[in-house]
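J.: Can you look at this prediction? I've put the sequence above it.
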Amino acid sequence: MKVRIKFVEPVLGTLSGNKDAATDFILSKNPAKVPAQDEIEALPEEEALEKSSTIFPKEDGKPFIWNYQLKGFFKDSCLALIMSNKMKQEELKKVGLTKYLYKRTIDMMLFVRPRKMFLTIPEGSKIQLLTGEEIDYLVNKTNCERPLRGQTMRGERISLARSEMLPAGTTFEADIMLLDKKLEDFLKPWLDYGALRGLLQWRNSGMGSFVYEVL
């Protein structure tokens, strides 16, 4: 299935602006502890970063998201629908989508292409990214700043988070392949969940909410 995803709310970058921290995170997700070179190369140059910010990876100045980020969204959506109790456990067990098996099933049976899904922003505008690059897009506010609250051993802590932001109307396309046809009935409900949950950073506020079109 090929889909075009259109964000109906602004979408925020998720990659740490601290190149060392971003590299360490990429390594932590790789069992062999060998960096995926294309992921490392997509990080902006150190001197151009604001280390407290989150950004989009880029190629030739154009932002994109990685295919595994959409795959992670499907896992999140699947768990939400499992918890909704709309389907009986017996039915979920037949397709390997119980709360104990769904991650393994999605990892083995669902694939997203291409690896880099480039983001197309509405035409006729300009935007200056945190790296200093200027590309042909315009939004009233290019960065999103918000407080983060967290409970620690020393009590509540508040910090400030800052993210690159692309506007509502931004789109990207993806090919979604399923090795088990029984999962096709679940794919559209998972995508429908995007209008509620959103994709990428600060989803609880509604950022990254989207609609989709089957091409």
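T.: It's in. Source: prediction; values computed, not measured. Numbers count the residues shown, from 1 in each chain.
J.: I'd like the next helix or strand past the longest helix along the chain.
T.: In the chain, with assignment by DSSP state H, the single longest helix is helix 67-83. Sequence-wise, the next helix or strand downstream of helix 67-83 (DSSP states H and E) is helix 89-94.
J.: lowest confidence element among the helices and strands of this protein?
T.: helix 19-28 (a mean of 48; mean pLDDT, DSSP states H and E).
J.: ok, Val11 to Leu79 distance?
T.: 21 Å (CB to CB, to the nearest Å). Any C-beta I mention is one placed from the backbone N, CA and C, and that applies to glycine too.
J.: These two: which is more packed in?
T.: Neighbour totals were compared for Val11 and Leu79, and Val11 leads with 32 against 14 (other CB atoms under 10 Å).
J.: Which residue is the nearest non-sequential neighbour of the more buried one?
T.: Using CB to CB, 6 or more residues apart in numbering and skipping the chain neighbours, the partner closest in space to Val11 is Gly208 (4.6 Å).
J.: Nearest residue to Thr105 in space, please, no chain neighbours.
T.: According to CB to CB, 6+ apart, the nearest residue to Thr105 is Gly96 (3.8 Å).
J.: Isn't Pro10 up against Leu166?
T.: Yes: checked against CB atoms under 8 Å, the pair Pro10 and Leu166 is within contact range at 6.5 Å.
J.: Pretty sure the residue nearest to Val11 sits against Ile5.
T.: No: judged on CB under 8 Å, Gly208 makes no contact with Ile5 at a distance of 10.1 Å.
J.: Identify the contacts common to these two.
T.: Taking CB atoms under 8 Å, 6 or more residues apart in numbering as the contact rule, Gly208 and Ile5 both touch Leu199.
J.: show me where this structure has helices.
T.: Under the criterion DSSP H, the chain carries helices at the ranges 19-28, 37-41, 67-83, 89-94, 102-109, 184-192, 194-197.
J.: outside of the fourth one, which residues touch it?
T.: If I follow you right, that is helix 89-94. For helix 89-94, contacts defined as CB under 8 Å, 6+ apart pick out Ile82, Thr98, Leu101, Lys182.
J.: OK, contacts around Trp66?
T.: Trp66 sits next to Glu39, Pro57, Arg115, Lys116, Met117 when contact means CB under 8 Å, 6+ apart.
J.: Any idea what the fourth one is bridged to?
T.: Lys116 has the following beta-bridge partners by DSSP bridges: Trp66.
J.: If I follow the layout properly, Leu183 ends up in contact with Tyr102?
T.: No: assessed by CB under 8 Å, Leu183 is found out of contact with Tyr102, at 10.4 Å.
J.: how many neighbours does Lys62 have?
T.: A total of 16 residues lie near Lys62 under the criterion other CB under 10 Å.
J.: Go ahead and confirm it touches Lys116.
T.: No: Lys62 lies out of contact with Lys116 (CB under 8 Å); the separation is 9.4 Å.
J.: Now for the residue nearest to Val11: which residues touch it?
T.: Phe7, Glu9, Pro10, Val11, Leu12, Gly198, Leu199, Leu200, Gln201, Trp202.
J.: before we move on, back to that, just put the helices of the chain in TSV and tack on distance to Ser53.
T.: Listed next are the helices of the chain as TSV, based on distance: least, CB to CB, whole Å:
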stretch	distance to Ser53
helix 19-28	11
helix 37-41	18
helix 67-83	18
helix 89-94	40
helix 102-109	30
helix 184-192	29
helix 194-197	23
